[in-house]
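1. next one to model:
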Amino acid sequence: YEVKRMSFNSDFFNEISPVIVKNGLLFCSDRRFSVIKDRTAFDGHRLFNIYLAERKDSSDWRKAKELKSERNALFNNGPLSLTPDGKTVYFTSEIETGTAAKKKNFKNHSGIFIAELSGTDLVSLRPFKYNNSYYEVGQPSVSSDGKYLFFASDMPGGQGGSDLFYCELINGEWSTPVNLGAKVNSSGAENYPYIHPSGRLYLTSNRSGGIGNLDIYSTSLSKGIWEDPVLLPEPINSTADDFAIVAEDDLQKGYFSSNRRRSDDIYMFASTIIRKASCDTLVENSY
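-> Purely as a prediction, here's the structure:
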């Protein structure tokens with residue numbers, strides 16, 4: 001693979017968690033509202049929000065546009081995932097929004113929120129039914145058929161710092177979260193799940209045996225059992241933190257986050273092996 005830093009990254013702020021959409025990418029960034037207006041939480045930490053970068057042509061990108069919602073000014077938004085129809089967004093944000101959240105020593109927890117995407121506005125926000133004020137729930141990934149929701153959480157009963165879970169959509173409701181088990185989760189922290197249309201699950205982990213502190217792994221179901229996660233090769237993984245990968249349907253190109261420079265940025269990876277989509281009919285040569 002070849003790896004390239006995307007042109008819409010900022011020079012001093014962080015860009016993470018890309019999501020592939022028609023003619024562009026959604027991603028999260030803690031960049032400023034404007035040159036003079038900053039965005040910080042009650043405790044002074046920088047806030048992330050969701051942006052849309054559209055393609056200008058095959059090699060260049062337009063200036064990123066911010067997605068607006070009622071949570072923009074005071075709370076984090078993202079990472080996120082889109083439903084197959086592109087109309088509904090599942091994203092991470094803080095649970096507590098009342099008076100308690102305004103106290104600097106208050107420990108807010110993240111949860112998953114669901115919203116409808118109207119242009120560049122997130123509307124009709126509502127919470128995920130399994131959010132909890134005692135632990136973190138976030139980093140959602142909806143399967144390409146819309147039937148499964150994967151996410152990360154440090155809820156009790158896990159293998160380590162944070163584990164990956166999934167819910168199944170049954171009669172319009174998400175089922176009770178299921179831990180992916182000790183095959184996928186480790187005594188470390190597993191985050192940023194991404195379920196590819198092929199059924200392959202990508203994840204980020206700080207488990208031992210990697211190349212850097214955070215590395216990207218992949219696993220697949222085999223006869224109903226998740227296989228041992230496989231470390232992705234360089235140059236996707238590096239001695240830096242590499243995380244939050246997504247890929248095109250054919251797995252020949254995709255995007256991921258890395259801090260291999262001075263801040264978190266989004267990079268594109270592309271296969272250097274030329275694969276033909278279709279070939280001429282093979283004909284025997286009769287000499």
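2. where exactly do the helices run in the stretch 1-150 of the chain?
-> Here the stretch 1-150 of the chain has no helices by DSSP state H, counting those that start in this stretch.
3. low-confidence stretches in it?
-> Across the stretch 1-150 of the chain, the ranges flagged by pLDDT under 70 are 33-37.
4. redo that, cut-off 90
-> Along the stretch 1-150 of the chain, the parts satisfying pLDDT under 90 run over 11-12, 23, 32-46, 56-60, 72-74, 96-108.
5. same check, this time on the stretch 151-287 of the chain
-> 157-160, 224, 262, 272-287.
6. please repeat the previous calculation with a cut-off of 80.
-> For the stretch 151-287 of the chain, residues meeting the criterion pLDDT under 80 lie at 274-280.
7. list the contacts of Thr219.
-> Residues in contact with Thr219 (C-beta atoms under 8 Å, 6 or more residues apart in numbering) are Lys183, Val184, Arg200, Leu201, Leu203, Trp226, Glu227, Asp228, Pro229, Val230. (Glycine included, C-beta is placed from N, CA and C.)
8. same deal with Ser10?
-> Taking C-beta under 8 Å, 6+ apart as the test, what Ser10 contacts is Ser29, Arg31, Ser263.
9. counting only strands, which of the residues you listed make the cut?
-> Using DSSP state E to define strands, the subset of the contacts of Ser10 located there is Ser29.
10. and the contacts of Ser10, which is closest to Ser278?
-> Ser29 (38.8 Å; C-beta to C-beta).
11. tell me, how many residues neighbour the closest residue to the closest one other than its chain neighbours?
-> Distance criterion C-beta to C-beta, 6 or more residues apart in numbering; nearest residue to Ser29, sequence neighbours excluded, is Glu15 at 4.7 Å. When neighbours are defined as other C-beta atoms under 10 Å, Glu15 has 26 of them.
12. contact partners for Glu15?
-> Counted by C-beta under 8 Å, 6+ apart, Glu15 has contacts Met6, Phe8, Asn9, Phe27, Cys28, Ser29, Arg31, Ser257, Asp264, Asp265, Ile266.
13. can you do 6 Å?
-> Asn9, Phe27, Ser29, Asp265, Ile266 (C-beta atoms under 6 Å, 6 or more residues apart in numbering).
14. same thing with Tyr1?
-> Phe269, Ser271.
15. try 7 Å
-> Pro235, Ile236, Phe269, Ala270, Ser271, Thr272 (C-beta atoms under 7 Å, 6 or more residues apart in numbering).
16. surely Asn131 and Glu94 touch.
-> No: using C-beta atoms under 7 Å as the test, Asn131 is too far from Glu94 to be in contact (10.1 Å).
17. re the thing from before, reformat the contacts of Ser10 as a markdown table; add neighbour count and distance to Leu52.
-> Converted to a markdown table, the contacts of Ser10 look like this (neighbours: other C-beta atoms under 10 Å; distance: C-beta to C-beta, whole Å):
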| residue | neighbour count | distance to Leu52 |
| --- | --- | --- |
| Ser29 | 27 | 11 |
| Arg31 | 21 | 13 |
| Ser263 | 14 | 20 |
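18. from the contacts of Ser10, pick the one nearest Leu169.
-> Out of the contacts of Ser10, the member with the shortest distance to Leu169 (by C-beta to C-beta) is Ser29, at 30.0 Å.
19. quick check: the closest one vs Asn171, distance?
-> As for Ser29, its distance to Asn171 is 37 Å (criterion: C-beta to C-beta, to the nearest Å).
20. just to revisit the earlier point, filter the contacts of Tyr1 to the buried ones?
-> With burial judged by 16 or more other C-beta atoms under 10 Å, the buried subset of the contacts of Tyr1 is Ile236, Phe269.
21. inside strands: which ones of the contacts of Tyr1?
-> Going by DSSP E, the strands hold Phe269, Ala270 from the contacts of Tyr1.
22. and the contacts of Tyr1, which is closest to Lys56?
-> Taking C-beta to C-beta as the measure, Lys56 lies nearest Ala270 of the contacts of Tyr1, at 18.2 Å.
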